[in-house]
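Asker: Sequence first, predicted coordinates after that:
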Amino acid sequence: MNDARFSDADPAPLALMAGDVEDLTVVSALVQDAILPITEISYDLRHRQLALLLNRFRWEDADSARREERPYERVRTVLLISDVTRVQSDGIDREDADLILELLALRWQAGEDGTGQLLLEFAGDGTLSVDAECLNVELRDVTRPYVAPSRRAPEHPED
């Protein structure tokens, strides 16, 4: 019988918060290439929160998967944006219940007195614009990782 190794342990779920641009850069990198049906976006006006249930590519595990020649993984993740005052979309057909979106980046445009606009940029030039009293974003993995259906890492060819 072999001793257990640290790498044999289950991966810990991510639970991160972003309250400034530097934090948001990390969260944005982790949600890059996340896939979600439009039906997994929910805006709670009363609690002023926008929630997205993502199928997130596990970028933090990609190098290990490549090195160990094992399949790449995804995980179900909640992206929660709080202190929201308004949500608008551009280039996204919110009436198409079959629409699948690919999240590319999160960007913060600061306004006055800590307010600003969080832009969620999707493939195909779709954008959700979230007006907020402050930058308050939470990322939380909610399932165990699973094998990515494509078994490949997303690619971003140079232009």
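Answerer: Structure received.
Asker: what's E68 in contact with, if anything?
Answerer: Applying Cβ atoms under 8 Å, 6 or more residues apart in numbering to E68 gives no contacts. Yep, even glycine has a C-beta here, placed from its N, CA and C like the rest.
Asker: swap in G91?
Answerer: When contacts are counted by Cβ under 8 Å, 6+ apart, G91 touches F122, G124, D125, G126, T127.
Asker: could you redo the last one with a cut-off of 10 Å?
Answerer: E121, F122, G124, D125, G126, T127, L128 (Cβ atoms under 10 Å, 6 or more residues apart in numbering).
Asker: The first one: neighbour count?
Answerer: Read it as E121. By the measure other Cβ atoms under 10 Å, the count of residues near E121 is 17.
Asker: Of the contacts of G91, which is the most crowded?
Answerer: Going by other Cβ under 10 Å, L128 tops the contacts of G91 with 24 neighbours.
Asker: can you map out the helices along the protein?
Answerer: 21-31, 59-68 (DSSP state H).
Asker: and stretch 109-118, how far out from the chain's middle?
Answerer: 20 Å (Cα atoms, centre = their mean, to the nearest Å).
Asker: Please read the previous query as pertaining to stretch 115-131.
Answerer: How far stretch 115-131 lies from its chain's middle: 12 Å, per Cα atoms, centre = their mean.
Asker: Relative to R140, how far out is A12?
Answerer: 12 Å (Cβ to Cβ, to the nearest Å).
Asker: Looking at the two, which is more packed in?
Answerer: R140 (14 against 7).
Asker: Report pLDDT for the more buried one.
Answerer: What the model reports as pLDDT for R140 is 97.
Asker: wait, doesn't it sit right on V78?
Answerer: Yes. If you go by Cβ atoms under 10 Å, R140 and V78 touch, sitting 5.0 Å apart.
Asker: Show me whatever sits in contact with both of the two.
Answerer: In terms of Cβ under 10 Å, 6+ apart, R140 and V78 are both contacted by the residues A15.
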